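Student: Build the 3D model from these lines:
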Amino acid sequence: MKKDERIRKIIILIGSIMTIIGGFMMLTRGNPLDSVIGKVIITNGRERMQIDGYKYSYNKNDKSDSIETFIPITDADNIPEIDYVPDSEDQIAVSYSEKSYTGNLNYTVYDSDFNILIDNQPNLVMPAEKGKKYNIEVSVNWGEDESSVTVKYYFAINIAGE
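Tutor: Residues are numbered from 1 along each chain as shown. Below you'll find the model as predicted:
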């Protein structure tokens, strides 16, 4: 076999491998908006924890495409819990990573049986009845105004007391 033929076969082999890898990557890639999803952290002044999010929809201009695999708060497993003592100096705070989020954040507060108590508020406001547990859903749009992904984060607050 001549040197030119070997080089041609090697080039064809490399091109074929690149085509196969490229095709596989195109079939398995996620939505590019997934790279803008940031982190949400909850603290009570003593403990600090990062909470996981569930992608709800991809939004482009005025259109919203819901995600079929979205898990609502009522079906979520192992919702992280944090304690809160209403009479102490420590406060519940929710913080977001440096990645950009757009629009208003929305908080929905549920009782322990997942009945809505407060719906879509821009600030975390909730009753503080001692001995009760409240489930919180935080809705965040990550990205830009014209193109974003809505992610919902869940956590529970145990009100310390009686």
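Student: Make sure residue 9 is indeed in a helix.
Tutor: Yes: Residue 9: assigned to a helix according to DSSP: H, G, I helix; E, B strand; the rest coil.
Student: got a pLDDT number for it?
Tutor: Residue 9 carries a pLDDT score of 89 in this model.
Student: Can you give the strand pairings for the top strand by length along the chain, parallel or anti for each?
Tutor: Longest strand in the chain by number of residues (criterion: DSSP state E): strand 147-159. Here strand 147-159 has these sheet partners by DSSP bridges: strand 53-60 (antiparallel), strand 81-84 (parallel), strand 133-143 (antiparallel).
Student: Was I right to think residue 56 contacts residue 65?
Tutor: No: applying C-beta atoms under 8 Å as the test, residue 56 and residue 65 come out as separate, 10.2 Å apart. (C-beta placed from N, C-alpha, C; glycine too.)
Student: burial of residue 101, as a residue count?
Tutor: When neighbours are counted by other C-beta atoms under 10 Å, residue 101 registers 18.
Student: That one: what's it in contact with?
Tutor: Contact analysis of residue 101 by C-beta atoms under 8 Å, 6 or more residues apart in numbering lists 38, 140, 141, 142, 143.
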